[in-house]
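# sequence unavailable; structure follows:
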């Protein structure tokens with residue numbers, strides 16, 4: 001089983017940037033596709049982005065296309081989410097998660113999750 005720990009969240013002004021990181025333990029990290037989700041207060045958890053086992057393929061929710069970039073480094077067992085042009089609507093707890101399928105956007109397809117990191121965007 002892979003364990004995930006997110007970091008990099010914080011408070012940023014609208015228009016600013018943050019880089020979230022997800023560190024994975026376990027030797028099988030490279031065999032999983034990885035995704036980022038977010039959950040705003042009072043709302044359901046929603047898909048943000050995912051990246052395949054190799055570095056070649058990624059997919060994004062429409063509301064982050066052109067602003068967020070997902071990447072991974074299998075040698076370092078990390079997946080990152082670069083977030084630019086942040087908006088107050090991006091305020092949420094961000095989670096990374098792993099799945100054996102790609103591309104998938106539903107939460108039930110992801111079998112292991114991190115604890116989340118808070119991102120707050122002020123106007």
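Done, it's in. Remember, predicted model here, so these are calculated numbers, not experimental data. Numbers count the residues shown, from 1 in each chain.

# contacting residues for residue 76?
Taking Cβ atoms under 8 Å, 6 or more residues apart in numbering as the definition of contact, residue 76 has no neighbours. In short, each C-beta sits where N, CA and C put it, glycine included.

# look up how far residue 107 lies from it.
Noted for residue 76: a distance of 26 Å to residue 107, by Cβ to Cβ, to the nearest Å.

# show me the shaky parts of this structure.
55 (pLDDT under 70).

# residue nearest the centroid of it?
Geometric centre of the chain, nearest residue: residue 36, 2.3 Å, by Cα atoms, centre = their mean.

# and it, that one's in a strand?
Yes - residue state for residue 36 (DSSP: H, G, I helix; E, B strand; the rest coil) corresponds to a strand.

# separation between the nearest residue to it once chain neighbours are set aside and residue 117?
In this structure, residue 36 finds its nearest non-sequential neighbour in residue 48, 4.3 Å apart by Cβ to Cβ, 6 or more residues apart in numbering. Computed as Cβ to Cβ, the residue 48 to residue 117 distance reads 13 Å.

# what is residue 93 paired to in the beta sheet?
Listed by DSSP bridges, the beta-bridge partners for residue 93 are residue 39, residue 118.

# who are the contact partners of it?
9, 38-40, 116-119.
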